[in-house]
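Chemist: Any chance you can model this:
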Amino acid sequence: MSYETDDLPGSWYHLRDPERARMLGSELAHECGSNEHPLAGQRVEAVARCEACDDVLFKLLDRQSWAIVHLTWRRETNPSWPSCDVMEDWSEVLEKLADRGH
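Modeler: Below you'll find the model as predicted:
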């Protein structure tokens, strides 16, 4: 199963614009103001976004896992933000996206 060719559920769509994907990765790095955030310092690739809720799916390159992140569009100091769900494999990602109901 390949994340690049699989259909995404609901309002999710693949990010095909490399510049947009880079911008979202930079925004995630900016928002992780606390070193205690689970994604602080992680190398990421933004691969999909939800039209309904604006969440972003990132591939975590160093951990070979995935994270659904709700960006806040501001620098955070609380390690709970931006909120994220981390998944270990692509089938778990598809299940989580479908469970979100949009």
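
Chemist: any weak-confidence spans in the protein?
Modeler: Using pLDDT under 70 as the threshold, the predicted model of the chain has low-confidence ranges 1-5, 101-102.

Chemist: now the strands for it?
Modeler: Assigned by DSSP state E, the chain shows strands spanning 12-14, 44-50, 56-60, 65-70, 83-87.

Chemist: Mean neighbour count, those strands: which tops it?
Modeler: For those, average neighbour numbers computed from mean count of other Cβ atoms under 10 Å are highest in strand 56-60, which has a mean of 22. Every C-beta, even on glycine, is put in place using the N, C-alpha and C of the backbone.

Chemist: what angle separates that one from strand 44-50?
Modeler: Strand 56-60 and strand 44-50 are oriented at 150 degrees to each other (axes from the mean of the first three to the mean of the last three Cα atoms, to 10 degrees).

Chemist: Could you give the separation of strand 56-60 from the chain centroid?
Modeler: Put simply, strand 56-60 sits 3 Å off its chain's centre (Cα atoms, centre = their mean, to the nearest Å).
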